[in-house]
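Trainee: Okay, here's the prediction I keep looking at, along with the sequence it came from:
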Number of protein chains: 4
Amino acid sequence: MVRIAVLGAGRIGRIHARNVAENPAATLVAIADPFGTAAADLAAQLSSEASLDPVETIERADVDAVVIGTPTDTHVDLLLHAVRRGKAVLCEKPIDLDLARVDEAVAEIARLDGRVMLAFNRRFDPSARELRNAIDAGEIGEVRQVVISSRDPGLPPASYLGSSGGIFRDMTIHDFDMARWFLGEEPVEISAIGSRVVDRALMETADDYDTVMVQMRTASGRQCHINNCREAVYGYDQRFEIFGSQGALFNDNLRPTTVRRWTREATDAREPLLNFFLERYADAYKGEMAAFVDALANSKPMPVGPHDGRQALLLADRALESLLTGKTVAL
Amino acid sequence: MVRIAVLGAGRIGRIHARNVAENPAATLVAIADPFGTAAADLAAQLSSEASLDPVETIERADVDAVVIGTPTDTHVDLLLHAVRRGKAVLCEKPIDLDLARVDEAVAEIARLDGRVMLAFNRRFDPSARELRNAIDAGEIGEVRQVVISSRDPGLPPASYLGSSGGIFRDMTIHDFDMARWFLGEEPVEISAIGSRVVDRALMETADDYDTVMVQMRTASGRQCHINNCREAVYGYDQRFEIFGSQGALFNDNLRPTTVRRWTREATDAREPLLNFFLERYADAYKGEMAAFVDALANSKPMPVGPHDGRQALLLADRALESLLTGKTVAL
Amino acid sequence: MVRIAVLGAGRIGRIHARNVAENPAATLVAIADPFGTAAADLAAQLSSEASLDPVETIERADVDAVVIGTPTDTHVDLLLHAVRRGKAVLCEKPIDLDLARVDEAVAEIARLDGRVMLAFNRRFDPSARELRNAIDAGEIGEVRQVVISSRDPGLPPASYLGSSGGIFRDMTIHDFDMARWFLGEEPVEISAIGSRVVDRALMETADDYDTVMVQMRTASGRQCHINNCREAVYGYDQRFEIFGSQGALFNDNLRPTTVRRWTREATDAREPLLNFFLERYADAYKGEMAAFVDALANSKPMPVGPHDGRQALLLADRALESLLTGKTVAL
Amino acid sequence: MVRIAVLGAGRIGRIHARNVAENPAATLVAIADPFGTAAADLAAQLSSEASLDPVETIERADVDAVVIGTPTDTHVDLLLHAVRRGKAVLCEKPIDLDLARVDEAVAEIARLDGRVMLAFNRRFDPSARELRNAIDAGEIGEVRQVVISSRDPGLPPASYLGSSGGIFRDMTIHDFDMARWFLGEEPVEISAIGSRVVDRALMETADDYDTVMVQMRTASGRQCHINNCREAVYGYDQRFEIFGSQGALFNDNLRPTTVRRWTREATDAREPLLNFFLERYADAYKGEMAAFVDALANSKPMPVGPHDGRQALLLADRALESLLTGKTVAL
């Protein structure tokens, strides 16, 4: 049994805590959150213990591993503290919004031989995983182009935007990780464009963009396109297209049911897409936790490491640079 | 060049005439229709000759073959006249509404060694043909069940219903032919049910049914279900499912375009189905004419013969018998 | 908290026990199974208690309700015993293979005012439920035709066939329930055909059929077709089509992922269907248990009652009668 | 009757000539091609006249309009000659590979008030047109992102590559036109990347790229992505996605039939895509000719003008500049 504590009892912490509790190879030892009764409420639901002190929780002798689901600006300190105490870590993305700080943390983790997994949950979505398996099995030969469409159902609150680090570090970062994973090679060149077409005033205030496109190339010539928008009225849009020398692979979005409607106005009409990431990626979060527990229980390498978090952030930073300068940026 | 005359310049005659005219291996010698200016108008459009006399037209020395697209009750006389004069015939279905009369005609054609093709156009629909090719290629092993959904977009005029011979002889007859074609064996047993749910009063007046289901079995145990309705608000519905020991085959309906719409209310919404048989089976009519001309030009056997018309009518008659008696009818 | 015991620790009992254990409004008090260590093993996994004696378990003071997942021939005795002790029951279908015995049981339950739910799990499948909701909302107007395709991935073991009661009572029974549910009216007429095309020898030995079609009509003229086969190489096939005066509704099968493959040979190729009912209807079993617990916790009427079990069995019996006599059977 | 001559009897000339011949509002007066018997052969098939001299054919008194389907380097001369003689022109793209020459020609046409339509056939594809109609009808609100996937089934012969002007001027040029058409605004910024992954040696020899991506932005912030590849094993891939503030629109590729196959290995497998533009865009070529004839017969404005050809070529030139310099190019 892997003994796990979850740090942070917000939206994402609750998902992780539940998945630890339901995982037959893991025990949810404790939940820590300094704010109000969040940890206590969640612990009561899941028959676990609550704490207001994440640091103390990390240090508990009966804790083998921690899941970090606290606000981004606390990640690095908690992560390094856990690593120094010999605890394994599943850390929510991003490690930090500042690349230099991330680089230091990654170096320190390497020095200490820390066991750290980055929470890029989409890699554990069953369909995304099947895409990757098919690529690995050579079903489409050499990958030539990756096309990623990724749109949120609606704008986040203005308060969130201010501390999000901007669309590339907050939203596209997931797509950068998927791009690297599907390309199988590091991009060497990136260019990006951005627009303020959903809510111009809000975006100007936040110094952010609500609609972006990114274009990348690897050394061997593989190409990737990413499009993002903060608002899609039809739901949370998550599509991948992998085109290779021997074929192409696609996934589809998820809907609540498989029902199709035929009427005088339309045929084959399906429901709008599942609304947001907690529903859409429910299986992915479960699979992510299972992979983390499996890596710990069976001494396997972490399936996603700190370096992956660093590379995705680097791409986000360079995309912003390209957008601001109007130049393609070499990596 | 196969020299062809078209008898009948109504809706179906116009289709055939145009397809003869466009077929590079055929010449449209004449169009005959005793009513008004129909033949003349059509002949003007297609640079052909017009006549008010179908019999005379059959007898023209420069006519090798005739297409019979006149009212049903004239089919047998014109058909036999043409056969006796040594002309090949493409005859619209049904040969006649009376099975005894059809049997006599079929026997006479056989006696005279007539070259007659029955116009079961759906066999020449590219998708239907691909289904049959896949069956023949053994892709789904032994056929076990055939499911046919076939619904018209709307009720015909009351005047038409009176002389249609009833839903089984008028509408299901096409599905009976497809059933025989896909089953690859003759049904030995049939049962049918009928309802008056689209327009009860109209159906009572016409002594007909607007909604039916049919169930059949062959000697080796292959099964077939057919459903029909005279009215489907979403368009003209034409679907086949062929289930076999090694897989299954399906076709889809046709829409005007491939556009899919995603909105707040629905995703993947497509247009209603192509509205009726002239549009839906435009390619099938072309293919039918091409097969007729090819059989004549290259002395091949007719792809659909009078016996096929007789068998489909027999099934229609027995379906009605089953509906009226509430019994399964042996064939 | 509704306190529930599960009787039977076989395949279906395990599903129910797990769903009780995971339901936040229920407690899994005990699992009873007279055979070997099945109950003990399952109880250990789910932190519950085990018993070898279902009757004793029913009588426990701390048991409010029981789930009957034992062999069919024990259903009636356990069911009535529970009802007499004032316990609510979720009973697997069929109540019994003998209609007279079922009628007695249903009458006795009514006399005792028993709280009994029949486990027709498919009614709780999210897509099936959405179909029914759309019908209830009037989206397709009046229902005219229901078409049900339902095929198993492979033959059950010969030993199972002997005691299954035949394909209509074992397999079609689910489709009969769905037919009644979607039709919204009782059938008044049924006819059925059956074949032995998957394994003739096995079916002759078992005096059963592996491939059947059923046709039914209600008093107002609604129609229903069901097709079944014990073997479909592409997986577990579960499709409904509901055709009405204002449109039509369809569900689709489930696959492991949404991946589509394009290669030189084919495009849009998806994976074979989820293999069998435990996977395909996992959500339906959860929903069924949630509905049972909800009915008990909130004193709601049972969503599926003993009468529904009786009616489905009646249809199965009459279908067999029709198949054997070659006649349509009035109900 | 619009009297039309077709210049060029190669692959594209044959399509146009046949569509003129079949158009009921037009007459195919003549076909001119200086090479061998091409014009004579085609004229024989279509009951028209042949000439070896395009210039003479333009000058015929009985010619109202010409279709230019000759090699690219002859377009400008023939086009201007026709315009000067007061003839209307449907000119294959591109007008010329040299932007300066195109600018001169466009200016000259304007000066002479010439009636010239550019043959961007894809605008007349029924699905593309429906996308545009839906945009115009406001169905998806304001356009935000356009995603175009456009891949050829296989590499052209090396000889063709040398004179093609490169992938942007030869292949992407169609996508640039569709981008402008769907965006409803001119791009102000473009960046492009290119790879040689299909056939590196061939591409180095031809100084060309076989796989490219392009990214564009309009002044109001609308974005467009285009991806191209010279080889896709699954067929000719032509997909558009238009994402707007109120929804999204998609088209699908065309296959020979609608058949779907279910087997042990896969479900819903469809045929590979229609192989190339002559089949895929057969309806578009017909629609294009109908629009040209309609504009002439009814004195309507040309639906696609020389300026559209000029703008698409400009985008192609700037895309190449961006690829070569690694910089985003302002327009």
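Mentor: All right, it came through fine.
Trainee: Based on its surroundings, how many neighbours for residue A:73?
Mentor: Counted by other CB atoms under 10 Å in any protein chain shown, the residues lying close to residue A:73 total 12. All C-beta atoms are positioned from the backbone trio N, CA, C, and that covers glycine.
Trainee: how about it, what does it touch?
Mentor: A:96-97, A:163 (CB atoms under 8 Å, 6 or more residues apart in numbering or on different chains).
Trainee: go with 7 Å
Mentor: Residues near residue A:73 by CB atoms under 7 Å, 6 or more residues apart in numbering or on different chains: none.
Trainee: same thing with residue A:326?
Mentor: residue D:328.
Trainee: State the phi and psi torsions of it.
Mentor: When read as degrees, to the nearest 10, the backbone of residue A:326 gives phi 70, psi 20.
Trainee: cool, residue A:147 as well?
Mentor: phi -120, psi 120.
Trainee: can you dump the C-alpha coordinates of the strand or helix carrying residue A:42 into CSV?
Mentor: Here residue A:42, judged by DSSP states H and E, is contained in helix A:38-46. The C-alpha trace of helix A:38-46 is given here as CSV (Å, rounded to 0.1, in the frame of the first residue of the first chain):
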residue,chain,number,x,y,z
ALA,A,38,-11.8,22.5,3.1
ALA,A,39,-9.4,19.8,4.3
ALA,A,40,-11.7,18.7,7.2
ASP,A,41,-14.8,18.5,4.9
LEU,A,42,-13.0,16.5,2.3
ALA,A,43,-11.4,14.2,4.9
ALA,A,44,-14.7,13.5,6.5
GLN,A,45,-16.2,12.4,3.1
LEU,A,46,-13.3,10.2,2.3
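Trainee: what does the average pLDDT come to for that helix?
Mentor: Averaging pLDDT along helix A:38-46 gives 94.
Trainee: Name the next helix or strand downstream of it, please.
Mentor: strand A:49-51.
Trainee: Now do that next one: distance to the chain's middle.
Mentor: 26 Å (CA atoms, centre = their mean, to the nearest Å).
Trainee: mind checking how far the helix holding residue A:42 is from the chain centre?
Mentor: So, by CA atoms, centre = their mean, the centroid of helix A:38-46 is 25 Å from its chain's centroid.
Trainee: Next, the buried residues of that helix.
Mentor: Going by neighbour count (16 or more other CB atoms under 10 Å in any protein chain shown), the buried part of helix A:38-46 is A:38-40, A:42-43, A:46.
Trainee: outside of it, which residues touch it?
Mentor: By CB under 7 Å, 6+ apart, the list of residues contacting helix A:38-46 reads A:9-10, A:14, A:17-18, A:21, A:28, A:31-33, A:49-52.
Trainee: nearest to residue B:58, of these?
Mentor: residue A:18 (81.5 Å; CB to CB).
Trainee: Which residue is the nearest non-sequential neighbour of that closest one?
Mentor: residue A:46 (6.6 Å; CB to CB, 6 or more residues apart in numbering or on different chains).
Trainee: Check the gap between that neighbour and chain B for me.
Mentor: According to CB to the nearest CB, to the nearest Å, residue A:46 and chain B sit 35 Å apart.
Trainee: quick one: that residue from chain C, how far?
Mentor: On the measure of CB to the nearest CB, residue A:46 and chain C end up 11 Å apart.
Trainee: So which helix or strand of chain A has the lowest pLDDT on average?
Mentor: Ranked by mean pLDDT, DSSP states H and E, the helix or strand of chain A with the weakest confidence is helix A:158-162, at a mean of 88.
Trainee: And the contacts of that one?
Mentor: So helix A:158-162 is contacted by A:202, A:206, A:208 (CB under 7 Å, 6+ apart).
Trainee: so of these, which ones are in helices?
Mentor: With helices defined by DSSP state H, the entries of the contacts of helix A:158-162 inside them are A:202, A:206.
Trainee: Next, format the contacts of helix A:158-162 as a markdown table and append distance to residue C:264.
Mentor: Output for the contacts of helix A:158-162, formatted as a markdown table (distance: CB to CB, whole Å):
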| residue | distance to residue C:264 |
| --- | --- |
| A:202 | 48 |
| A:206 | 48 |
| A:208 | 44 |
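Trainee: between the contacts of helix A:158-162, which is closest to residue B:263?
Mentor: residue A:202 (23.7 Å).
Trainee: Which residues are in contact with the closest one?
Mentor: residue A:158.
Trainee: Pull the number of nearby residues for residue A:11.
Mentor: Neighbours of residue A:11 using other CB under 10 Å come to 10.
Trainee: Where does the residue lying closest to it once chain neighbours are set aside sit: helix, strand or coil?
Mentor: Spatially, and ignoring its direct neighbours in sequence, residue A:11 is nearest to residue A:278 (7.0 Å; CB to CB, 6+ apart). Residue A:278 falls in the helix class when you classify it by DSSP: H, G, I helix; E, B strand; the rest coil.
Trainee: Would you agree residue A:278 is in contact with residue A:15?
Mentor: Yes. Contact status for residue A:278 versus residue A:15: in contact at 6.5 Å, counting by CB atoms under 7 Å.
Trainee: thinking again about what came up before, closest to residue C:157 out of the buried residues of helix A:38-46?
Mentor: residue A:46 (41.1 Å).
Trainee: Please spell out which residues along the lengthiest helix in chain A are buried.
Mentor: With secondary structure taken from DSSP H, chain A has its longest helix at helix A:306-325. The neighbour-count check on helix A:306-325 (16+ other CB under 10 Å) flags A:306, A:308-320, A:322-323 as buried.
Trainee: which of the residues you listed sit farthest apart?
Mentor: A:306 and A:323 (26.1 Å).
Trainee: residues in contact with the most centrally placed residue in chain A?
Mentor: With distances taken as CA atoms, centre = their mean, residue A:120 lies nearest the centre of chain A, 3.5 Å away. If a contact means CB under 7 Å, 6+ apart, then residue A:120 has A:93, A:174, A:177, A:304, A:308 as its contacts.
Trainee: got it, and residue A:140?
Mentor: A:134, A:242, A:244, A:246-249 are the contacts of residue A:140 under CB under 7 Å, 6+ apart.
Trainee: Quick one: mean pLDDT for the next helix or strand along the chain from the longest helix of chain A?
Mentor: Following the chain from helix A:306-325 toward its C-terminal end, the next helix or strand by DSSP H and E is strand A:329-330. On average, the pLDDT along strand A:329-330 is 94.
Trainee: elements contacting strand A:329-330?
Mentor: For strand A:329-330, the elements it packs on are strand A:187-195, helix A:306-325, judged by 3 or more CB pairs under 7 Å, 6 or more residues apart in numbering or on different chains; DSSP states H and E.
Trainee: any chance of these in CSV, with distance to residue D:221 and mean pLDDT too?
Mentor: Formatted as CSV, the helices and strands packed on strand A:329-330 follow (distance: least, CB to CB, whole Å; pLDDT from 0 to 100):
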stretch, distance to residue D:221, mean pLDDT
strand A:187-195, 3, 97
helix A:306-325, 12, 97
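Trainee: which one of the ones you listed lies closest to chain B?
Mentor: strand A:187-195 (20.2 Å; CB to the nearest CB).
Trainee: Contacts only, for the residue located most distally from the centre of chain A.
Mentor: If you look at how far each residue of chain A sits from its centre, by CA atoms, centre = their mean, the farthest one is residue A:264, at 41.7 Å. By CB under 7 Å, 6+ apart, the contact set of residue A:264 is B:233-234, B:272.
Trainee: cool, residue A:293 as well?
Mentor: A:2, A:23, A:25-26.
Trainee: Report the two members of those residues separated by the largest distance.
Mentor: So, the contacts of residue A:293 by CB to CB: farthest apart are A:2 and A:23, at 8.3 Å.
Trainee: From the contacts of residue A:140, list the buried ones, please.
Mentor: Buried among the contacts of residue A:140 (16+ other CB under 10 Å): A:134, A:242, A:244, A:247-249.
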